[in-house]
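Colleague: one predicted model, sequence on top.
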Amino acid sequence: MDKKERRQQAYQRLVEKHSHSSNFAQGLFRAFWVGGVICVIGQCFADLARILFEFTDSQAAGFAGICLIFTTAVLTGLGVFDKLAQYAGGGTIVPITGFANSVISPALEFKKEGFVLGTGAKLYVIAGPVLTYGISTAAVLGLFYFLYGVIFP
């Protein structure tokens, strides 16, 4: 047995020692109910916006998104959202809350380096490429639509 194979086997033993088996059904159930509760909270925000502020459906949806982002950012800052994500796994990656968490988490890790060079510089480490791709794609499709009047025939 050569040195490389011994290292691979030692690594495999280390992985097995520190890995824990997960209960697939339990993880699925947790993700389902936590993700469902997040969606219900978002729907409550939208309904409140329609009732209290007489928003249209699209305005209420935007309001709900803003409220979910703000709530997730606050909970991430307090360390609560990470515990919820550890419990629920993929259930917390409802797109808007997962995105808010991915923006705030890296910034919090580097807050010791200062507001500008730490928090500000790391704010979009994970979300930056997503935003860049989304904005670039929107610009190209918008230009195509402007020039030809249709996106796809």
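Modeller: In hand now; what should we look at? Numbers count the residues shown, from 1 in each chain.

Colleague: leaving out chain neighbours, which residue sits closest to residue 61?
Modeller: Leaving out its chain neighbours, the residue that sits closest to residue 61 by Cβ to Cβ, 6 or more residues apart in numbering is residue 46, at 5.9 Å. No exception for glycine: its C-beta is placed from N, CA and C like everyone else's.

Colleague: the one you found and residue 21, how far apart?
Modeller: Taking Cβ to Cβ, to the nearest Å as the measure, residue 46 falls 40 Å from residue 21.

Colleague: what strand or helix carries the residue nearest to the spatial centre of the chain?
Modeller: Centrality entry for the chain: nearest residue to the mean C-alpha point is residue 98, 1.6 Å, by Cα atoms, centre = their mean. Applying DSSP states H and E as the criterion places residue 98 in helix 95-109.

Colleague: quick one: buried residues of that helix?
Modeller: Buried residues in helix 95-109, counted by 16 or more other Cβ atoms under 10 Å: 96-108.

Colleague: contacting residues around the helix-or-strand element of the chain with minimal mean pLDDT?
Modeller: Within the chain, no helix or strand scores below helix 121-122, which has a mean of 74 by mean pLDDT, DSSP states H and E. With Cβ atoms under 8 Å, 6 or more residues apart in numbering as the contact definition, helix 121-122 has outside contacts at 106-107, 109-110, 113.

Colleague: which residues does stretch 73-81 contact?
Modeller: Contacts of stretch 73-81 with the rest of the structure, by Cβ under 8 Å, 6+ apart, involve 72, 82, 84, 92, 97, 100-101, 103-105, 108.
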